[in-house]
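[1] need a structure here:
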Amino acid sequence: MKLSHRENDVLLCIADGLVEKEIAKKLGLKPGTVHSYVISMKNKMHALTHAHAVGIYYKEYPKWKPARKLKIK
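    Numbers count the residues shown, from 1 in each chain. Okay, here's the model as predicted:
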């Protein structure tokens, strides 16, 4: 499974407890764009919810490292 850079950024923000509006503001994106990334990321991970996606990240990919550090605008 390979997430895009932005999907990875969004997942890390979700893991930090941010909601989609906060993620949009932090990444300088529109809320609808963030929502699209969330849907795509969850589909790739076969996750049912945001929390499930974070759980998969921590449980099944403990050595999975982000392709890059999160850039904050």
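[2] going forward, measure contacts and count neighbours with C-alpha atoms only.
    OK.
[3] gap between the spatially most central residue of the chain and residue 2?
    Nearest residue to the geometric centre of the chain (Cα atoms, centre = their mean): residue 11, 1.7 Å. Residue 11 sits at a distance of 12 Å from residue 2 (criterion: Cα to Cα, to the nearest Å).
[4] Over to residue 49?
    Separation of residue 49 from residue 2 (Cα to Cα) stands at 18 Å.
[5] for residue 8, same thing?
    Taken as Cα to Cα, the span from residue 8 to residue 2 is 9 Å.
[6] who's more crowded, those two?
    residue 8 (21 against 10; other Cα atoms under 10 Å).
[7] From residue 42, how far out is that one?
    Taking Cα to Cα as the criterion, residue 8 is separated from residue 42 by 11 Å.
[8] So in this structure, where's the weakest helix or strand by average pLDDT?
    Lowest mean confidence among the helices and strands of the chain (mean pLDDT, DSSP states H and E): helix 50-60, at a mean of 87.
[9] list the buried ones in that helix?
    By neighbour count with 16 or more other Cα atoms under 10 Å, helix 50-60 contains the buried residues 50, 53-54, 57.
[10] And it, what does it pack against?
    Identification of packing neighbours for helix 50-60 by 3 or more Cα pairs under 8 Å, 6 or more residues apart in numbering; DSSP states H and E yields helix 5-15, helix 31-45.
[11] Show me what the last one is packed against.
    Based on contacts counted as 3+ Cα pairs under 8 Å, 6+ apart, the elements that helix 31-45 packs against are helix 5-15, helix 20-27, helix 50-60.
[12] please redo it, this time with the cut-off set to 7 Å
    Using 3 or more Cα pairs under 7 Å, 6 or more residues apart in numbering; DSSP states H and E as the contact test, the elements touching helix 31-45 are helix 5-15, helix 20-27.
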